[in-house]
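Visitor: Sequence and predicted structure, then a few things I'm wondering about:
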Amino acid sequence: AQTVTQSQPEMSVQEAETVTLSCTYDTSENNYYLFWYKQPPSRQMILVIRQEAYKQQNATENRFSVNFQKAAKSFSLKISDSQLGDTAMYFCAFMFPRTGGTSYGKLTFGQGTILTVHP
Amino acid sequence: KAGVTQTPRYLIKTRGQQVTLSCSPISGHRSVSWYQQTPGQGLQFLFEYFSETQRNKGNFPGRFSGRQFSNSRSEMNVSTLELGDSALYLCASSLNTRGFGYGYTFGSGTRLTVV
C-alpha cells in the first residue's frame, strides 16, 4: 500500500519570503499522480498544483512550484512571495491512474503541514 | 460554474442515531468520492462512486454506506452513530474522462458532531 509522509507538522514564514514544504511517498508503481491541496480555515480543500509521475518537468502554478524527485520519492512544494492568504493546512496527496480495483478515486493524503504566514 | 455543494454544513446527532449527508458534484462530473477528516486519523477515504456504482471502498465498518443517483448526486449514510464518528466529512468530484490526472474538486464539508 502506498503511504504519504509530511514530516513538518508546522511551518511559518514572513510575508513575501519563500517557504518549502516537504513530502515523501512510498509506492512500487511507476505511473501515478501527485497533488498538493490547501485547506484554509474555511475547510474547503483547494487544489494547488498537480504532477504526473511520467513527466520529468516540475509543475509550476504562479507562485507555487514543486520539486519532484521520482527516484527519491520526494515531492516538495515551494511557495514564493508568500502572502497572508497562503495561511492554511497543506496536504500532499497521491493517486493511482485509472487502473481499477482498489485504486479507483482514492487519494492517499499525508498528515498535513500547517503553514502560517506572518505580516 | 457552481462548485461541489455539501449539505448540511453542520450536524449534531446523538449516539445510536443515523445520519445522511448529501453531496452535489460539479455539473458534468460523474465520479464522487467521500473522505472522513479527523485530527487523529487525518483524511481517510470512505468510498468512490461512478455512474451510480460503488467502485471502491475504504476500510470503514458497514455502518458507513453511500449511494449515487442518476444525476451524479451522492449521499452517504452512517447508522448507529458512535462518538468516534464525529468528524468533517468531505465530498469531492472529478470529471474522470481520462483518468484522475486532474484531481478532485472538494466541497466545504459537513461537520458532524456526535454527542
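Guide: That came in fine, so what should we check first?

Visitor: Name the residue closest to the centre of the chain, please.
Guide: Answering for chain A, as no chain was given. residue A:36 (2.8 Å; Cα atoms, centre = their mean).

Visitor: The intended chain is chain B.
Guide: Centre-most residue of chain B, counting by Cα atoms, centre = their mean: residue B:34, 3.1 Å.

Visitor: Surely that one touches residue B:67?
Guide: No. Applying Cβ atoms under 8 Å as the test, residue B:34 and residue B:67 come out as separate, 11.0 Å apart. All C-beta spots, glycine's among them, are computed from the backbone N, C-alpha and C.

Visitor: Between these two, which contacts overlap?
Guide: Listed as contacting both residue B:34 and residue B:67 by Cβ atoms under 8 Å, 6 or more residues apart in numbering or on different chains are residue B:74.

Visitor: Mind telling me which residue of chain B is nearest chain A?
Guide: The minimum distance from chain B to chain A, using Cβ to the nearest Cβ, falls at residue B:48 (3.0 Å).

Visitor: number of nearby residues for residue B:50?
Guide: 19 (other Cβ atoms under 10 Å in any protein chain shown).

Visitor: Name the strands paired with the least confident helix or strand in chain B by mean pLDDT and say parallel or antiparallel.
Guide: Within chain B, confidence by mean pLDDT, DSSP states H and E is lowest for strand B:53-57 among all helices and strands, at a mean of 89. Using DSSP bridges, strand B:53-57 pairs in its sheet with strand B:42-50 (antiparallel).

Visitor: For residue A:36, list the residues it contacts.
Guide: Residue A:36 makes contacts with A:21, A:23, A:47-50, A:64, A:66, A:75, A:77, A:90-93, as judged by Cβ under 8 Å, 6+ apart.

Visitor: where does chain A dip in pLDDT?
Guide: Along chain A, the parts satisfying pLDDT under 70 run over A:97-104.

Visitor: swap the cut-off to 90 and go again
Guide: A:1-2, A:27-33, A:41-44, A:52-57, A:95-106 (pLDDT under 90).

Visitor: Apart from its neighbours in sequence, what residue is nearest the residue in it that chain B sits nearest to?
Guide: Nearest to chain B, among the residues of chain A, is residue A:105, at 3.0 Å (Cβ to the nearest Cβ). Spatial nearest neighbour of residue A:105, chain neighbours left out: residue B:48 (3.0 Å); criterion: Cβ to Cβ, 6 or more residues apart in numbering or on different chains.

Visitor: Paired strands for the strand or helix carrying residue A:94, with orientation please.
Guide: Using DSSP states H and E, residue A:94 sits within strand A:88-95. Using DSSP bridges, the strands paired with strand A:88-95 are strand A:33-39 (antiparallel), strand A:108-109 (antiparallel), strand A:113-118 (antiparallel).
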